[in-house]
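Peer 1: 3D model of this:
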Amino acid sequence: MTAMRRGVVLQGVDAVDDFLSMATRVEALGFDHLWLTESSLHARDPYQLLSLAARATTKIRLGTAVTNPVTRHPALTAVAAATFAEIAGGRAILGIGAGDRPLVALGLKPARLASLEASIAAIRSLIAGETVTSDGPGFALVQAHMRFSVQTDIPVFVSASGPRTLELAGAIADGVILLCGLDPTVVKWALERVDAGAAKAGRPRPHIALFVYGVIDEDEEAAIAGARPIAAWFPQTAPTYCDLVGLDPDIAREVRETYQGGEFQEASAAAQLLPADFVQKMAAAGNRDRFTSQLEALEAAGVDSVHVLPMGDDRMATVLAFDECWNRLG
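Peer 2: Numbering: from 1, shown residues only. Presented below is the predicted three-dimensional model:
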């Protein structure tokens, strides 16, 4: 059996009862993690849904994927994470990042690296019971402290794509939520940046949790079509990976110019510009044999866990296909 762990990433797009049904089914299949995205106005609040999932499950670890220091003050994130951890009985993970495209609808931009780092430090200090005074950057705290007892060992996973954020995650995170696609070239490049940050901080590499969006289907054309929108995210948000896998710069530029809206689901026009081979390098976009081979390559590269966000009309079918692929691993 593989030593890697596995998880499912969901968006809060389902009615509460439907989400809880999916959460219990994911646990019953033996997955190790269930994550819920935070996308401002695009989906339901993750802390509330994850707290309900904690009551409906018994073993699976639960995490935000990811909250950010722009829409939530670090003190409020500390309170939300502490409350969630109390409800989850030690199964909670705080996933945090700089923020992404959904911030556009709020007239906001992703946090700068210094603000993200300072926010994580403040959150950890507050959860540890310390009194914190800070002028940010990006927020302020004045003799701030928690007025209730909290679980102090909440792991912090940092979402990272760009080189500087990857190095920061390597230096400070308990785990890295890696958003780089599946191609071995880009995975190696990202891990080298994480390792550089860890080495500078004099610590071992943190847990590497690779997130992959897409569709696993024996009809590969359907899988590629379903996964196209997330592939359009890369030219817009993480263009370095496009260069590494050889995407035509003119296509990348045209995708950036055509990309509309905040969430990747709104990028369908831009996504149509991308060649199929690029989609299959950056997303789960193929049959079970293809995805099983990709899982084997990820394990060989040093990834500690793989987490799939299912796309398309039948998301549970992709979760079940992921389960089948996983069971094939030696």
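Peer 1: Contacts only, for the residue nearest the centre of the chain.
Peer 2: Residue closest to the average C-alpha location in the chain (C-alpha atoms, centre = their mean): residue 65, at 4.6 Å. Going by C-beta atoms under 8 Å, 6 or more residues apart in numbering, residue 65 touches 9, 35, 36, 37, 38, 46, 95, 159, 177, 211, 307. From N, CA and C alone the C-beta is placed, and that goes for glycine too.
Peer 1: And for residue 83?
Peer 2: Contacts of residue 83 by C-beta under 8 Å, 6+ apart are 47, 51.
Peer 1: where exactly do the helices run in the stretch 1-150 of the chain?
Peer 2: Remark: helices assigned in the stretch 1-150 of the chain by DSSP state H, counting those that start in this stretch are 16-28, 46-56, 74-88, 113-127.
Peer 1: and residue 328, which of those helices is closest to it?
Peer 2: Nearest to residue 328, of all the helices of the stretch 1-150 of the chain, is helix 16-28, at 18.8 Å by C-beta to C-beta.
Peer 1: element containing residue 166, please.
Peer 2: For residue 166, the host element (DSSP states H and E) is helix 163-172.
Peer 1: and the next element down the chain from that helix?
Peer 2: Using DSSP H and E, the next helix or strand after helix 163-172 towards the C-terminus is strand 175-178.
Peer 1: Work out the sheet partners of that next one and label each with its direction, please.
Peer 2: Using DSSP bridges, strand 175-178 pairs in its sheet with strand 156-160 (parallel), strand 207-216 (parallel).
Peer 1: how about these in TSV, adding distance to residue 118 and mean neighbour count?
Peer 2: Output for the strands paired with strand 175-178, formatted as TSV (distance: least, C-beta to C-beta, whole Å; neighbours: other C-beta atoms under 10 Å):
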stretch	distance to residue 118	mean neighbour count
strand 156-160	13	25
strand 207-216	23	25
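Peer 1: Per-residue pLDDT of residue 73, please?
Peer 2: Among the per-residue scores, residue 73 shows a pLDDT of 96.
Peer 1: Count the neighbours of it for me.
Peer 2: Residues lying near residue 73 (other C-beta atoms under 10 Å) number 17.
Peer 1: dump the residue contacts of it.
Peer 2: By C-beta under 8 Å, 6+ apart, the contact set of residue 73 is residue 139.
Peer 1: separation between it and residue 156?
Peer 2: Distance, residue 73 to residue 156, by C-beta to C-beta, to the nearest Å: 16 Å.
Peer 1: name the helices or strands packed onto the helix holding residue 166?
Peer 2: Secondary-structure packing of helix 163-172 (3 or more C-beta pairs under 8 Å, 6 or more residues apart in numbering; DSSP states H and E): helix 113-127, strand 156-160, strand 175-178, helix 184-201.
Peer 1: Now distance to residue 140 too, for these, in CSV please.
Peer 2: Listed next are those as CSV, based on distance: least, C-beta to C-beta, whole Å:
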stretch, distance to residue 140
helix 113-127, 10
strand 156-160, 21
strand 175-178, 27
helix 184-201, 26
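Peer 1: and of these, who's closest to residue 53?
Peer 2: Among these, strand 156-160 comes nearest to residue 53, with 17.2 Å by C-beta to C-beta.
Peer 1: Name the surrounding residues that touch the closest one.
Peer 2: Here strand 156-160 makes contact (C-beta under 8 Å, 6+ apart) with 63, 65-66, 93-98, 116, 120, 123-124, 165-166, 168-169, 172-179, 190, 194, 207, 209.
Peer 1: quick check: mean pLDDT across it?
Peer 2: Computed over strand 156-160, the mean pLDDT rounds to 97.
Peer 1: Distance from it to the middle of the chain?
Peer 2: Remark: strand 156-160 is offset 8 Å from the chain centroid, using C-alpha atoms, centre = their mean, to the nearest Å.
Peer 1: Which pLDDT value goes with residue 270?
Peer 2: At residue 270, pLDDT is 86.
Peer 1: and it, how many neighbours?
Peer 2: Using other C-beta under 10 Å, residue 270 has 24 neighbouring residues.
Peer 1: and the helix or strand harbouring it, what does it pack onto?
Peer 2: Assigned by DSSP H and E, residue 270 belongs to helix 268-271. Judged by 3+ C-beta pairs under 8 Å, 6+ apart, the packing partners of helix 268-271 are helix 220-231, helix 249-258.
Peer 1: For the longest one, name the packing helices and strands.
Peer 2: Identification of packing neighbours for helix 220-231 by 3+ C-beta pairs under 8 Å, 6+ apart yields strand 207-216, helix 268-271, helix 276-282, strand 284-286.
Peer 1: Buried residues, it. List them.
Peer 2: 220, 223, 224, 225, 226, 227, 228, 229, 230, 231 (16 or more other C-beta atoms under 10 Å).
Peer 1: I'd guessed the fifth one sits against residue 286; true?
Peer 2: It refers to residue 226. No. Assessed by C-beta atoms under 8 Å, residue 226 is found out of contact with residue 286, at 10.7 Å.
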